[in-house]
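> model this:
(2 chains)
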Protein chains: 2
Amino acid sequence: MTTYTSRLSALRVGGAHKRWTGGRRVRRVAMLSVHTSPLHQPGTGDAGGMNVYMVELARRLAERDIEVEIFTRATAGALPCKVELAPGVSVRHVSAGPYEGLAKEDLPAQLCAFTHGVMQAWAGHRPGYYDLVHSHYWLSGQVGWLAAQRWGVPLVHAMHTMAKVKNAALAEGDCPEPSARVIGESQIVSAADRLIANTVEEAGELIRHYGAAPGKVSVVHPGVNLDRFRPDRGGRAAARARLSLPQDALIPLFAGRIQPLKAPDVLIRAVAVLLDEDPSLRERIVVPVVGGPSGSGLAKPEALHKLAAQLGVADVVRFQPPVDQDRLADWYRAATVLVMPSHSESFGLVAIEAQACGTPVIAAAVGGLPVAVRDGHTGFLVSGHDPRDYAATLRRFVDQPRLGETLGAAAAKHARDFGWGTAAADTAKAYAEAGSAHRRHLRSAHA
Amino acid sequence: MTTYTSRLSALRVGGAHKRWTGGRRVRRVAMLSVHTSPLHQPGTGDAGGMNVYMVELARRLAERDIEVEIFTRATAGALPCKVELAPGVSVRHVSAGPYEGLAKEDLPAQLCAFTHGVMQAWAGHRPGYYDLVHSHYWLSGQVGWLAAQRWGVPLVHAMHTMAKVKNAALAEGDCPEPSARVIGESQIVSAADRLIANTVEEAGELIRHYGAAPGKVSVVHPGVNLDRFRPDRGGRAAARARLSLPQDALIPLFAGRIQPLKAPDVLIRAVAVLLDEDPSLRERIVVPVVGGPSGSGLAKPEALHKLAAQLGVADVVRFQPPVDQDRLADWYRAATVLVMPSHSESFGLVAIEAQACGTPVIAAAVGGLPVAVRDGHTGFLVSGHDPRDYAATLRRFVDQPRLGETLGAAAAKHARDFGWGTAAADTAKAYAEAGSAHRRHLRSAHA
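Residues are numbered from 1 along each chain as shown, chains lettered A, B, ... in the order given. Alright, predicted model coming up:
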């Protein structure tokens, strides 16, 4: 019976999959990452978020029966040609230029060599061995362009960062990205069957800056790290102890860069309203503002300090410089509620992270936040930015001491939908759409 | 009968060809020239000697029934995809980056795009459509590497210039060639089935600087331009009139860079010996030294002036700064004999050019000169650099006034062997050798 049920469930998944793929199932993906290896530690050299992204995504794709082979440039001698990273995920080292001392700006001249290595690794396999090419960053996109042409399969590309976007936001003294990169990115945008953007904003940039056809862009949010952002065994009490915060206080938390867009001032003003209505709260409220000024240097955190002083709430607001990810998880856990009065929010990663830690969220009903927060279930959505509305919502947590706990439990459950499993499911969907686009393209070319 | 003879002759050529090809005949070559178009005028932009080289070589290859398609990057809109340059020679324009404003240093990032375009042009043809890839300059070599792999055919590469050689001879303030080029060139040296060097020196550089296997390098001298360097209808008299040189003088000519390696001093000393022996010659000898100091700045042309003065022959030596190619042809035609007392000469282009103009040559028996000059037939070879030996040889032209004319006629005929037809024949031979190497490589890979 168990077997029957499992098989039925598998069939259902397969059927649902079939519906949105509209075609041949992708079984094996050649993932390209020329300039950074998924085997490298993030935070060292060129390794960063993209490494985590690829590893997590590939693992979850493999769990969905999509085998992933990640091709990356060998940066040391004696590396094995192929390394098994996880079941269904392998890393292939490609010889292309010297192992050490190759500057990132010398990589464009190594793309033919890299392509040659990919083709050599592929040689001996039948033509349909890889069903799809998924390239990360423009350098890999150039190789992906050739590999997809060679194998007659769709090309899916993720930019991660874009030269035109970087160049549009250059600070004085910054070195602009070279035109070769801009040209290379434009070619990939036009050649790819599908572009994956991490956020709605990135999708807009692809369309605005590079003329990407809007129908060609999929938004796939990177997964939240549910291993790091999770409720702690010791619960809120332990986190408050670790941060030397009072156990019985109301703690509405702001976390994020201190910039007008994130509107931390709305929280400060709401707290002033709250204390004005109920001065007794002053003894049992702490308002942490965790985060530094925005990198652009346009933000003025002093203005926020001044505002708190002017409103007479400086004694309850605690400004906290940016902390590492593990410490941030403790701030989420310690808070009664996270407050996000943002004017704009493409995805709302912070709301997901807080919820993943078991903390409910009060959020402005903007951008991706109505998706990130389930109103009345995992937190509350507020229309507009009137501090009185935020004060009234905060008041509910005072009036109903168990509210935070109830919403928090639901929030932790809800956040699980935003893990890498979801990112992988959305990526698989993008693969299927790429397949359809590829077949349409082939049909029209042969018509 | 005529038909029979022609067919017999064709069979003979075919047979001879077969002997040195040792394998399948090359019928169609994909020639790659990413950065400069054979349709561009030499002397404009990046167009130079390489453009002439490709056009002349391709024409002569086509005459040998080797069809040539030259792929080059489109640098203007509305260019036709394919242009017929000559019977059996076509130029294909490949879209890779913007038509204008792409700097040469941005070209490495366009090599995937160029490869993509080459593959698109090839799409639809059967796999064996091109028998061989012949790439010029390292950028094209990178594309050739991929194309040869894709089509399973041999790769023949000509560097034309090399980064390591340029960097070894950097003057102060010169900008070194980037390491990306050095790496790229090394990869091509190792990937190519055959390397074509323009001279023995270039072959040595490939072996010394890039570790090329000596057996892999073919020396193919670029053809002499027999349209420019040819006897003039007006003969020597007309040339002397144009250059205001006396009609009845003995004119031993030095042409070339004024540097110790070329040994112009040996000619000056020989003339001094000659005038010492026969002072009456002083009234009817002119010794033109045509050429400037060497680019390296190491040569000291003043030393030569001083030497002529010290030896008391300054009045008969006429120093002439470098002239253009057409004017140079006139200097060759006007001379009684060209004197080349070089200490080293890889090929002896100047000896061929002078002979092509109908002028005999007295040359040191070094390097390629014994091949360039047929001793006693088109001029004379001298062992060593003793000025007395050169004087004695010059004396023969005084003693036998018809000698120059007789040798000159044979020289003009002999020089025809050094035209582009010979370059094409040698290139075809290199193609055949590349084919053998390729098959050997395939056999050992499958063994």
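
> burial count for residue A:425?
17 (other Cβ atoms under 10 Å in any protein chain shown). (C-beta placed from N, C-alpha, C; glycine too.)

> so who does it touch?
Applying Cβ atoms under 8 Å, 6 or more residues apart in numbering or on different chains to residue A:425 gives the contacts residue A:64.

> does it sit in a helix, a strand or a coil?
helix (DSSP: H, G, I helix; E, B strand; the rest coil).

> Helix, strand, or coil at the residue lying closest to residue A:152 once chain neighbours are set aside?
Counting by Cβ to Cβ, 6 or more residues apart in numbering or on different chains, residue A:152 lies nearest to residue A:127, which is 7.1 Å off, once chain neighbours are set aside. Under the three-state scheme (three-state DSSP), residue A:127 adopts coil.

> ok, residue A:127 to residue A:151 distance?
Using Cβ to Cβ, to the nearest Å, one obtains 7 Å as the distance from residue A:127 to residue A:151.

> How are the helices of the stretch 51-200 of chain A distributed by residue range?
For the stretch 51-200 of chain A, the helices defined by DSSP state H, counting those that start in this stretch cover A:111-122, A:137-151, A:163-168, A:179-191, A:200-210.

> tell me which element residue A:315 falls in.
Remark: residue A:315 resides in no helix or strand, with elements defined by DSSP states H and E.

> quick one: it from chain B, how far?
Per Cβ to the nearest Cβ, to the nearest Å, residue A:315 is found 58 Å from chain B.

> Quick check: phi and psi at that residue.
phi -70, psi -20 (degrees, to the nearest 10).

> okay, which residue is most central for chain A?
Chain A has residue A:222 as the residue nearest its centroid, 3.1 Å off, counting by Cα atoms, centre = their mean.

> My guess is that one contacts residue A:53. True?
Yes. Applying Cβ atoms under 8 Å as the test, residue A:222 and residue A:53 come out as touching, 5.5 Å apart.

> So which bits of the stretch 51-200 of chain A are right by chain B?
Contact residues, the stretch 51-200 of chain A versus chain B (Cβ under 8 Å from any Cβ of the partner chain): A:97-98, A:102-103, A:106, A:108-113, A:115-116, A:119-120, A:142-143, A:145-146, A:149-150, A:178-181, A:183-184, A:187, A:191.

> Of those residues, keep whichever come out buried.
Neighbour counting over those (16 or more other Cβ atoms under 10 Å in any protein chain shown) leaves A:97-98, A:102, A:106, A:108-113, A:115-116, A:119, A:142-143, A:145-146, A:149-150, A:178-181, A:183-184, A:187, A:191 as the buried ones.

> wait, doesn't residue A:291 sit right on residue A:256?
Yes. In terms of Cβ under 8 Å, residue A:291 counts as a neighbour of residue A:256; the distance is 5.0 Å.

> Contacts for the helix or strand encompassing residue A:271, please.
Counting by DSSP H and E, the element that carries residue A:271 is helix A:264-277. Residues from elsewhere that reach helix A:264-277 (Cβ under 8 Å, 6+ apart): A:252, A:254, A:256, A:258, A:281-282, A:285, A:287, A:289, A:291, A:304, A:307-308, A:311-313, A:316-317, A:339, A:341, A:385, A:387-388, A:390-391, A:394-395, A:398.

> cutoff 6 Å now
A:254, A:258, A:281-282, A:287, A:289, A:304, A:307-308, A:311, A:313, A:339, A:341, A:385, A:387-388, A:390-391, A:394 (Cβ atoms under 6 Å, 6 or more residues apart in numbering or on different chains).

> Just the ones in strands from those residues, please.
A:254, A:287, A:289, A:339 (DSSP state E).

> Chain B: which of the residues you listed is nearest?
Distance to chain B across the ones in strands among the contacts of helix A:264-277 (Cβ to the nearest Cβ) is lowest for residue A:254, with 43.4 Å.

> Please name the bridge partners of the closest one.
residue A:289 (DSSP bridges).

> how near is residue A:174 to chain B?
Distance from residue A:174 to chain B, by Cβ to the nearest Cβ: 20 Å.

> got the residue ranges for the strands in chain A?
Under DSSP E, chain A gives strands at A:28-33, A:67-73, A:82-86, A:89-94, A:132-136, A:155-158, A:194-197, A:217-219, A:252-255, A:287-290, A:317-320, A:337-340, A:361-364, A:379-382.

> so where is chain A shaky, pLDDT-wise?
Within chain A, the stretches with pLDDT under 70 are A:1-23, A:41-49, A:294-300, A:447.

> Which segments of it make up each domain?
Residue ranges for the domains of chain A, per automatic domain parsing: A:2-223+A:420-446, A:235-415.

> Just put the ones you listed in JSON lines and tack on distance to residue B:241.
What follows is the domains of chain A, written out as JSON lines (distance: least, Cβ to Cβ, whole Å):
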{"stretch": "domain A:2-223+A:420-446", "distance to residue B:241": "55"}
{"stretch": "domain A:235-415", "distance to residue B:241": "78"}
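
> related to what we said a few turns ago, over to the residue nearest to the centre of chain A: give its phi and psi.
phi -60, psi 150.

> Distance check, it against chain B.
Going from residue A:222 to chain B by Cβ to the nearest Cβ gives 27 Å.

> what does residue A:316 give?
On the measure of Cβ to the nearest Cβ, residue A:316 and chain B end up 55 Å apart.

> shouldn't that residue be in contact with residue A:285?
Yes. Using Cβ atoms under 6 Å, residue A:316 is in contact with residue A:285, at 5.2 Å.

> Count the neighbours of the nearest residue to residue A:27 once chain neighbours are set aside for me.
With sequence-adjacent residues excluded and distances taken as Cβ to Cβ, 6+ apart, residue A:27 is closest to residue A:131, at 5.5 Å. For residue A:131, the neighbour count with other Cβ under 10 Å is 20.

> For residue A:131, give me phi and psi.
phi -90, psi -20.

> Next up, the contacts around it.
A:26, A:27, A:28, A:153.

> Can you pick out the most distant pair from these?
Greatest spacing in those, by Cβ to Cβ: A:27 and A:153 (11.4 Å).
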